[in-house]
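Visitor: Give me coordinates for this.
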Amino acid sequence: MSSETDAVQDSVSHDVKDVVVAVDGSPASDNAVRWAANTAMKRDVPLRLASSYTMPQFLYAEGMVPPQELYDDLQRETMRKIDAARALAVEVAPNLAIGHAVAEGSPIDMLLEMSRDSGMIVMGSRGLGGLSGMVLGSVSGAVVSHANCPVVVVREDNNVTEETKYGPIVVGIDGSEVSRRATEVAFEEAQARGAELIAVHTWIDTQVQAPGAGFAVSEDRWKEAHDEKSELLENYLSELGRTYPDVQVKKVVTRDRPVRALTEAAQGAQLLITGSHGRGGFKGMLLGSTSRALLQSAPCPMMVVRPQS
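Guide: Below you'll find the predicted structure:
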């Protein structure tokens, strides 16, 4: 992929992990730019606007080299999108250091490459798209599944309002290794934003065994299970709580399906964070069923954290 990255503004330091946002000029992308600018401002890091273009195959016959004017037109059109996104970002955060990167080729390749040294990648998603049933575009799906840093998906209907801008951070916890990494990121985010952290652990009926097969599980047994899980959650969070003493943590232990419980907890939140796959996920699974379902139903922007991100 030939990449032509502009001279990023001098105010953008390469030592600081910036927030990268994918720009394509769509309403979903505009929403993502606003959210990313607000996040970069709260974290006091630069924002990088990323966009790419590809030469449409039908414009030239096989084997022909497209004329330079075509490339120039595509670059100009891409820069118009970048400039419009910059104007949106400045509205949200007037003093933010903003750079940009433009590349010819696949946006997936470009964003995955940028994920190696970025703090997070933010992308827009149209949400439920008409009859096709496509929830995430192929670009956001691929980036969420393979990026080297956390990826935030901001759906077109995830409007960032004055209320949700200051809402809590919600994290789903299941005790898996990737969930631990997601919880660390959640504490970092809550600290950076001065937000409350809501830690949600769910379990469903099959995870609580009755003492004798075939007997109904008594309310006492449910209470015992709830207390056990509350204690486990307390222990799980205590170390991070000592590292981030200023973060207020609310613990939620509930007997419910994870998707429903997290969707409910995230009402009015500014960000929902989950690991890419939980305990029940297969080792090779890139995105677990819970994360996949939440990307459709989450009422706020959602961050997916992979094991190494």
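
Visitor: contacts, neighbours, all on C-alpha from now
Guide: OK.

Visitor: Now do the helices in the stretch 101-250 of the chain.
Guide: 107-114, 138-146, 162-165, 177-193, 219-243 (DSSP state H, counting those that start in this stretch).

Visitor: Show me the contact partners of the second one.
Guide: Think helix 138-146. Contacting residues not belonging to helix 138-146 are listed as 107-108, 111-112, 123-125, 150-151, 153, 276, 286-287, 304, 306 [C-alpha atoms under 8 Å, 6 or more residues apart in numbering].

Visitor: Nearest to Glu196 among those?
Guide: Set against Glu196, the nearest of the contacts of helix 138-146 by C-alpha to C-alpha is Val304 (19.1 Å).

Visitor: how close does the closest one get to Ala182?
Guide: 8 Å (C-alpha to C-alpha, to the nearest Å).

Visitor: pLDDT of the helix or strand where Gln75 lies, averaged?
Guide: Here Gln75, judged by DSSP states H and E, is contained in helix 68-92. The average pLDDT within helix 68-92 is 93.

Visitor: just checking, what packs against that helix?
Guide: helix 27-43, strand 47-53, strand 98-104 (3 or more C-alpha pairs under 8 Å, 6 or more residues apart in numbering; DSSP states H and E).

Visitor: report the angle between the axes of the longest one and helix 177-193?
Guide: Relative orientation of helix 27-43 versus helix 177-193 (axes from the mean of the first three to the mean of the last three C-alpha atoms, to 10 degrees): 70 degrees.

Visitor: And the contacts of helix 27-43?
Guide: Residues from elsewhere that reach helix 27-43, judged by C-alpha under 8 Å, 6+ apart: 18-23, 46-47, 85, 88-90, 92-93, 96, 122-126, 153-156, 158-160, 192-193.

Visitor: now it and helix 68-92, what's the angle there?
Guide: Going by the same axes, to 10 degrees, helix 27-43 makes 50 degrees with helix 68-92.

Visitor: Just the buried positions in helix 27-43, please.
Guide: By neighbour count on 16 or more other C-alpha atoms under 10 Å, the buried set for helix 27-43 is 28-41, 43.

Visitor: Please work out the average pLDDT along that helix.
Guide: pLDDT averaged over helix 27-43 gives 92.

Visitor: Could you do stretch 148-165 as well?
Guide: 82.

Visitor: swap in stretch 114-128?
Guide: 86.

Visitor: mind listing what's buried in that stretch?
Guide: Quick answer for stretch 114-128 (16+ other C-alpha under 10 Å): 114-115, 118-128.

Visitor: What is the nearest of the residues you listed to Tyr166?
Guide: The closest of those to Tyr166 turns out to be Val122 (C-alpha to C-alpha; 18.5 Å).
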